[in-house]
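Undergrad: give me a model of this one.
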Amino acid sequence: MKNMSQIFIALTFLLTPLISSAQVSAAEPEFVNTIVHLTKENMTVILERQKAQVKTSSNASTYIIGIGKTKAIGVVKGEKSDVRLSKADTLKFIARVKDNNEDPFEVITFAKFEVNPKKNVRYVEIGKVEAFKGPEDGDINRITFQAVKFGTQSYLITVKNLEPGEYMMTLKDARATAQMFGVD
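TA: Sure thing, here's the model as predicted:
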């Protein structure tokens, strides 16, 4: 009996990703490096896309004595995305990539934007360099997600309990393109 329960538990963990992707009847996005939102009705909505501008800023000591901090941020125009999603327990997306045999966590970056209403922009800190510490990743508010293979060239991305705010995803082969949406 103990072996049967262990087998059942193992099968549950192995089959859950297959069952969750089998319930989706939507087609893969037409083009590589495209992300779409998957509605409850299995319809797809293309996310807002913008090329992010990379801007750098340094503190005064960097200019005066050459030692200080420099930050790089990715910036997009507008305080809010045109693509608005209602807050839900679970949101799903389909990301079309060149090859879905790679680890999705190496391919997909999912993060929450900071908003600057005075400048009418959304931004995320990409990286920073600090004297005596060297370069390091920025303070990106990364979002935890689950992803499974979907179709022949895509991932089905599932994220739970996103708070209201502005979000973006980028893909490995198109890092400069922010694919964005907001949660109300």
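Undergrad: which phi and psi does the closest residue to residue 107 other than its chain neighbours have?
TA: Nearest residue to residue 107 in three dimensions, chain neighbours excluded: residue 172, at 4.5 Å (Cβ to Cβ, 6 or more residues apart in numbering). The C-beta positions use only the backbone N, C-alpha and C, and glycine is treated the same way. Main-chain torsions, residue 172, degrees, to the nearest 10: phi -50, psi -40.
Undergrad: what of residue 104?
TA: The phi/psi pair for residue 104 (degrees, to the nearest 10) is phi -60, psi -30.
Undergrad: now name the helix or strand holding the residue nearest the centre of the chain.
TA: Closest residue to the average C-alpha location of the chain: residue 110 at 1.8 Å, with Cα atoms, centre = their mean. Assigned by DSSP states H and E, residue 110 falls within strand 108-112.
Undergrad: neighbouring strands for that strand, and are they parallel or not?
TA: Strand 108-112 pairs in its sheet with strand 141-142 (antiparallel), strand 165-171 (antiparallel), by DSSP bridges.
Undergrad: average pLDDT for that strand?
TA: For strand 108-112, the mean pLDDT works out to 96.
Undergrad: for it, which outside residues touch it?
TA: 95, 124, 140-143, 145, 147, 155, 157, 159, 165-172, 175 (Cβ atoms under 8 Å, 6 or more residues apart in numbering).
Undergrad: which of these count as buried?
TA: With burial judged by 16 or more other Cβ atoms under 10 Å, the buried subset of the contacts of strand 108-112 is 95, 124, 140, 143, 145, 147, 155, 157, 159, 165-171.
Undergrad: confidence-wise, which of those residues comes last?
TA: residue 140 (73).
Undergrad: all helices for this protein, in order.
TA: With DSSP state H as the criterion, the chain has helices at 2-22, 60-64, 104-107.
Undergrad: least reliable of these going by mean pLDDT?
TA: helix 2-22 (a mean of 43).
Undergrad: hang on, residue 99 packs against residue 154?
TA: No: with contact defined as Cβ atoms under 8 Å, residue 99 does not count as touching residue 154 (10.4 Å).
Undergrad: higher neighbour count, these two?
TA: Neighbours were counted for residue 99 and for residue 154 using other Cβ atoms under 10 Å; residue 154 has more, 25 against 10.
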